[in-house]
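Student: fold the following for me, if possible:
(2 chains)
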Amino acid sequence: DQQVKQNSPSLSVQEGRISILNCDYTNSMFDYFLWYKKYPAEGPTFLISISSIKDKNEDGRFTVFLNKSAKHLSLHIVPSQPGDSAVYFCAAIHNAGNMLTFGGGTRLMVKP
Amino acid sequence: GAGVSQSPRYKVAKRGQDVALRCDPISGHVSLFWYQQALGQGPEFLTYFQNEAQLDKSGLPSDRFFAERPEGSVSTLKIQRTQQEDSAVYLCASSPQTGDTEAFFGQGTRLTVV
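Tutor: Sure thing, here's the model as predicted:
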């Protein structure tokens, strides 16, 4: 039973446009959500996070939105750049410091 | 180096062979995690250490998997009698304090069992 789901395995976007990556979760005990970015042959690197007490967090070109009632979060990247092409993982935690529960990932391709 | 280091980067094992995967976390990091990532999937939790104490091993798939962190720094994940289904990338992550939410990942060890 997957507690964190990313239903789009891939997404293709033109450079300069907005990329929207989606994530759904089932466990209402999750209290912190993170997005990780992964390039081939590298480990995941932290991108942005949001606490369950907030509904939006912004960092430069990256914004994460959380809809607790829908158990849904999304990552917006605007404007998208070719260097953003990677696999993006949504992850969730309950109890700070505990393990991450990951979604299956979405491969983003930004075309020049 | 400043990051989490894992070795070897690649390991090919014959079925039935024992393997040992090493993780050097960022110096001073209290928490250490092991994850298993099968092809095309997200990482899945295996086990968690706080210093030298293994506080959670609920994700280890069988008793063939064993992890240790005897001095609270370097950790080793050992897999005995490897099977083909053990083929995956094994990721190690560390974080500075027990209450941290962001973990720093190593590059992983890709294990292929033939």
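Student: need the contact list for A:Ser49.
Tutor: Each residue near A:Ser49 by CB atoms under 8 Å, 6 or more residues apart in numbering or on different chains is listed here: A:32-35, A:57, A:64, B:101-102. To be clear about C-beta, it is placed using only N, CA and C from the backbone, and glycine gets the same treatment.
Student: cool, and A:Asn27?
Tutor: So A:Asn27 contacts A:3, A:92, A:94, A:101 (CB under 8 Å, 6+ apart).
Student: now with 7 Å, please.
Tutor: A:3, A:94 (CB atoms under 7 Å, 6 or more residues apart in numbering or on different chains).
Student: now swap in A:Ile48 and tell me
Tutor: Taking CB under 7 Å, 6+ apart, one finds A:35, A:57, A:59, A:62, A:64 in contact with A:Ile48.
Student: ok, of those residues, which come out buried?
Tutor: Buried by 16 or more other CB atoms under 10 Å in any protein chain shown: A:35, A:62, A:64, out of these.
Student: which one of these is nearest B:Pro8?
Tutor: A:Trp35 (29.0 Å; CB to CB).
Student: what residues does chain A put near chain B?
Tutor: A:32, A:34, A:41-44, A:46, A:49, A:89, A:93, A:96-97, A:99-100, A:102-105 (CB under 7 Å from any CB of the partner chain).
Student: what does chain B have sitting close to chain A?
Tutor: B:31, B:33, B:41-43, B:45, B:48, B:56, B:91, B:98-103, B:105-108.
Student: for stretch A:15-22, give me every contacting residue.
Tutor: Applying CB under 7 Å, 6+ apart, the contact partners of stretch A:15-22 are A:6-8, A:11, A:13, A:74-82, A:84, A:88, A:106, A:108, A:110-112.
Student: pull up the distance across it, start to finish.
Tutor: 19 Å (CA to CA, to the nearest Å).
Student: bridging residues for residue 67?
Tutor: Let's take chain A. A:His72 (DSSP bridges).
Student: was after chain B, sorry
Tutor: The partner residues for B:Ala67, given DSSP bridges, come to B:Leu77.
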